[in-house]
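Trainee: I'll drop the sequence and a predicted model, then ask my questions.
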Amino acid sequence: ARARTAVTSTPILDVLAQRWSPRAFDPSAVIDETKLTAALEAARWSPSASNSQPWRFIVARRGTEEFGMVEATLLGLNTAWAGSASVLLVALTEVEDDNGKARPWAQYDLGQAMAHFTVQAYADGLHLHQMGGFDADVLRRAFDLPSRLVPLSISAIGTLGSADSLVEPARAREVAPRERRPLAESLISG
């Protein structure tokens, strides 16, 4: 594995400092179902407004029809590398309840669920890369999704592969130093 540990202003949990979003996945690796289930459980137990749990997932394993359906919705550079992942996970948010009442915090709650999923996955040795570059309308039609379910991201999940397997500019991004703006620039007050 490539060392990609974040440089932080104060120590943080190793799993958070070492988490990064690779594009190179081992195209022959099969997902460890126990680790995938643990990550989904972590998402399930994340907090949500009024315990509404407005997240839903499509878990598409490489080699299945569903994987091909999800992969076909990817856009841009994502099309060049994401197909090597073991799983493409679609994260959807339920923007209204069964009675049609809006869930204004649903996107926030899905973000928390994905954060919990990500931390558990990395703690167990899985790697993932979350993507916004996909055609949500095509995905919606492919899976016949109701209007209250909104696909917000697709995550490529699997075992780390070789950066040399990537085309440019994906390869360059894979090996570039990790960067973040200084913490002080994210604080409006405090």
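Mentor: Yep, that arrived.

Trainee: The top helix by length along the chain - contacts with which helices or strands?
Mentor: Longest helix in the chain by number of residues (criterion: DSSP state H): helix 106-123. Under the contact criterion of 3 or more CB pairs under 8 Å, 6 or more residues apart in numbering; DSSP states H and E, helix 106-123 touches helix 14-18, helix 33-44, strand 55-61, strand 87-94, strand 127-131, strand 149-158. (C-beta placed from N, C-alpha, C; glycine too.)

Trainee: so it versus helix 33-44, what angle?
Mentor: 150 degrees (axes from the mean of the first three to the mean of the last three CA atoms, to 10 degrees).

Trainee: quick one: residue 92 and residue 29, what's the gap?
Mentor: 25 Å (CB to CB, to the nearest Å).

Trainee: Let me know whether residue 89 touches residue 151 as I believe.
Mentor: No. In this structure, residue 89 is not within contact of residue 151 by CB atoms under 8 Å, at 10.9 Å.

Trainee: And the two? Which one has more around it.
Mentor: Just comparing residue 89 and residue 151: by other CB atoms under 10 Å the higher neighbour count belongs to residue 89, 25 against 22.

Trainee: Provide the count of other residues in contact range of residue 182.
Mentor: The burial count for residue 182: 8, using other CB under 10 Å.

Trainee: Quick check: it vs residue 19, distance?
Mentor: Distance of residue 182 to residue 19, given as CB to CB: 19 Å.

Trainee: sorry, back to before: higher neighbour count, residue 92 and residue 29?
Mentor: residue 92 (23 against 16).

Trainee: is it true that that one touches residue 151?
Mentor: Yes. At 5.0 Å, residue 92 and residue 151 qualify as touching, with contact defined as CB under 8 Å.

Trainee: what stretches of the protein score poorly on pLDDT?
Mentor: 1-3 (pLDDT under 70).
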